[in-house]
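> coordinates only, sequence not included:
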């Protein structure tokens, strides 16, 4: 049953007319139009109606309002003319800046972090995902309990931002938030331990794990569905996937492997989310191979690549982890642009050009995955008890058996496999 708060929050979010503002400091690798378009897409992903997009040149951020007083007045006029009830800032606002802007603009204000958290709160489908999002919400909200919505003659509770936090008993609320966060962290630690046990079992199996990573809306889930035949949500929508999905696949020369579809990254991903989604992102950290899926048709594809690499470093992915790039959305390119991109991909050994939507290039991608996973395989001579059927089956399933012989109740196998797999075989139960 939907709670009163959830209905209230949904009605406000779905009915909101919003103005998106990008305070341009001149330091971003993206142009203002691209930033505005992405933020508008994030807002529209939760049903907000973007009625105007405004880029503001900011020479020196103002401690009180981030933007200048003249810009605040002009923005207030735009918001009144558009009858907007929400201002979305593509920037990180301090609690004081957020409160002052709400007073001056006479509407609700959320920043980039709040907006992304709002999307995650709506999309998390599993119990684990909801725990992670709530922890991130609470961490963010803890410093913002002093906000006062003078234009909203009511008080609200909950952890959503479009609904707003309550204003009474601030210190008691902070204590409750701290206690709740402590409980959530304990529950997520249990999730992490459970995931660790699952990974240990897979490693003893052992099946290589391949993780799809990339900017949000780059086409990871479409590729995942193409390769696995699954029906993971794959739409032209930012953050369509939040909860990790794993499927078993077969590859050339590899009987079994695990493919993992993960949450998409985004520029300036809130630190609260990186911390809260640690359990989920551990699938990426422990992967045997990363496929960085890029929307090669996007005008900011190079900047998006750097954002993804930054997040990978932040979550602890080793530079030595094998990886390559899948230049996706070939179907959106034509003529000279397509030919230039294909020529560039052909010159590089760390790139495969594909269209996950049409399937073009996907067989070549799978060949590349198999080649990277089997690279460095060595030949081993392994002797087992002739009655050890499970051990023999393991060798056939996870290595390439080149020859075998049986003598005096002992079976000897000539097997080609990776050093890591050989170690896993020796450690198997």
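Okay, I see it. It should be emphasised that the depicted structure is a prediction, and the values quoted were computed from it without experimental measurement.
> end to end, how far does stretch 311-326 reach?
18 Å (CA to CA, to the nearest Å).
> name the residues of that stretch that are buried.
311-312, 315, 317, 322-326 (16 or more other CB atoms under 10 Å). Where you see a C-beta, it was placed from the backbone N, CA and C, and this is true even at glycine.
> what does stretch 297-311 give?
Under 16+ other CB under 10 Å, the buried positions of stretch 297-311 are 297-298, 300-301, 303-305, 307-309, 311.
> how about stretch 364-375?
Buried, per 16+ other CB under 10 Å, within stretch 364-375: 365-366, 368-370, 372-374.
> that one: how far from the chain's middle?
24 Å (CA atoms, centre = their mean, to the nearest Å).
> quick one on the thing from earlier: let me have the buried residues of stretch 364-375 in TSV, adding pLDDT and distance to residue 225 as columns.
Listed next are the buried residues of stretch 364-375 as TSV, based on pLDDT from 0 to 100; distance: CB to CB, whole Å:
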residue	pLDDT	distance to residue 225
365	95	14
366	94	14
368	93	19
369	92	16
370	89	20
372	87	22
373	84	21
374	78	25
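> how long is stretch 313-328 end to end?
End-to-end for stretch 313-328, by CA to CA: 23 Å.
> avg pLDDT for that stretch?
The average pLDDT for stretch 313-328 rounds to 87.
> below-threshold pLDDT in the stretch 1-150 of the chain: ranges please.
1-15, 27-29, 123-126, 145-150 (pLDDT under 70).
> ranges for the helices of it?
For the stretch 1-150 of the chain, applying DSSP state H, counting those that start in this stretch gives helices covering 4-15, 32-44, 69-81, 95-105, 112-123, 127-141.
> quick one: work out the angle between the last one and helix 95-105.
What it means is helix 127-141. 80 degrees (axes from the mean of the first three to the mean of the last three CA atoms, to 10 degrees).
> buried ones in helix 127-141, by neighbour count?
For helix 127-141, by 16+ other CB under 10 Å, it's 128-141.
> cool, the second one as well?
Residues of helix 32-44 classed as buried by neighbour count (16+ other CB under 10 Å): 32, 34-43.
> repeat that for the shortest one.
For helix 95-105, burial by neighbour count (16+ other CB under 10 Å) applies to 97-102, 104-105.
> dump those into TSV; add distance to residue 174 as well.
Formatted as TSV, the buried residues of helix 95-105 follow (distance: CB to CB, whole Å):
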residue	distance to residue 174
97	20
98	17
99	16
100	21
101	23
102	20
104	26
105	26
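> now flag whichever of the residues you listed is closest to residue 284.
residue 98 (32.0 Å; CB to CB).
> tell me how far that closest one lies from residue 249.
46 Å (CB to CB, to the nearest Å).
> do residue 64 as well
If you go by CB to CB, the gap between residue 64 and residue 249 works out to 54 Å.
> quick one: which of the two has more around it?
residue 249 (18 against 15; other CB atoms under 10 Å).
> is residue 404 part of a helix or strand, or is it coil?
strand (DSSP: H, G, I helix; E, B strand; the rest coil).
> beta-bridge partners for it, please?
According to DSSP bridges, the residues that bridge with residue 404 are residue 413.
> before we move on, back to that, and the helices of the stretch 1-150 of the chain as TSV, adding distance to residue 385?
Formatted as TSV, those follow (distance: least, CB to CB, whole Å):
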stretch	distance to residue 385
helix 4-15	61
helix 32-44	60
helix 69-81	78
helix 95-105	68
helix 112-123	52
helix 127-141	42
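> among those helices, which is nearest residue 60?
helix 69-81 (12.2 Å).
> please narrow the buried residues of stretch 297-311 to those residing in strands.
Per DSSP state E, strands hold no members of the buried residues of stretch 297-311.
> show me the residues you listed that map onto helices.
Counted as lying in helices by DSSP state H, out of the buried residues of stretch 297-311, are 301, 303-305, 307-309, 311.
> output the residues you listed as JSON lines; include the columns distance to residue 389.
Formatted as JSON lines, these follow (distance: CB to CB, whole Å):
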{"residue": "301", "distance to residue 389": "51"}
{"residue": "303", "distance to residue 389": "54"}
{"residue": "304", "distance to residue 389": "50"}
{"residue": "305", "distance to residue 389": "48"}
{"residue": "307", "distance to residue 389": "50"}
{"residue": "308", "distance to residue 389": "45"}
{"residue": "309", "distance to residue 389": "46"}
{"residue": "311", "distance to residue 389": "45"}
